[in-house]
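Novice: Here is a sequence together with a model predicted from it:
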Amino acid sequence: MIPEQLKYTAEHEWIDSANTADGVVRVGITDYAQEQLGDIVFAELPDVGQQISAGTVCGELESTKSVSDIYAPVTGTVVARNEAVVENPEVINGDPYSAGWMLEIELADPSDLEGLLSAEEYRAQTEG
């Protein structure tokens, strides 16, 4: 399941840029990532107001199998975080593209979106 309207990173995160008119994107991990992690039991997300830089670690997910870093897909300011994911991280396993979103980030530079993968490019990466 790889929604066509989203952008992706090589680190298995999705970016919903549908609302980029206001400069804010929504971020989460892909279905492939949650499948690889297994049952997610802990989520550490950056605080609202925190500045993050593309490619740097900004959080962490812990599962019954391993601990995985969350990488910032874009540079900007965290304007919202999904407290439901912090309180009940297993929601990511059940619905990674909707209820399991993690962050909303106000873009510092909208051109950051140009370097992200299309659904087709991400599909090729995960099926290869």
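Specialist: Sure thing, it's come through.
Novice: Which parts of this structure are helices?
Specialist: When assigned using DSSP state H, the helices of the chain occupy the ranges 31-37, 83-87, 91-94, 119-127.
Novice: Using CSV, write out every CA atom in the longest one.
Specialist: Provided in CSV are the C-alpha atoms of helix 119-127 (Å, rounded to 0.1, in the frame of the first residue of the first chain):
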residue,chain,number,x,y,z
ALA,A,119,5.2,6.8,-5.1
GLU,A,120,6.6,5.0,-8.2
GLU,A,121,10.2,5.6,-7.1
TYR,A,122,9.5,4.5,-3.5
ARG,A,123,7.7,1.4,-4.8
ALA,A,124,10.8,0.5,-6.9
GLN,A,125,13.0,1.0,-3.8
THR,A,126,11.0,-1.3,-1.6
GLU,A,127,10.3,-4.0,-4.1
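Novice: which helices and strands sit right next to that helix?
Specialist: For helix 119-127, the packing partners by 3 or more C-beta pairs under 8 Å, 6 or more residues apart in numbering; DSSP states H and E come out as strand 7-8. Every C-beta, even on glycine, is put in place using the N, C-alpha and C of the backbone.
Novice: can you do 10 Å?
Specialist: Contact analysis of helix 119-127 by 3 or more C-beta pairs under 10 Å, 6 or more residues apart in numbering; DSSP states H and E lists strand 7-8, strand 13-16, helix 31-37 as its packing neighbours.
Novice: Can I get the helices of the chain in CSV including distance to Y8, mean pLDDT and mean neighbour count?
Specialist: Output for the helices of the chain, formatted as CSV (distance: least, C-beta to C-beta, whole Å; pLDDT from 0 to 100; neighbours: other C-beta atoms under 10 Å):
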stretch, distance to Y8, mean pLDDT, mean neighbour count
helix 31-37, 9, 96, 19
helix 83-87, 19, 97, 14
helix 91-94, 16, 97, 19
helix 119-127, 4, 95, 14
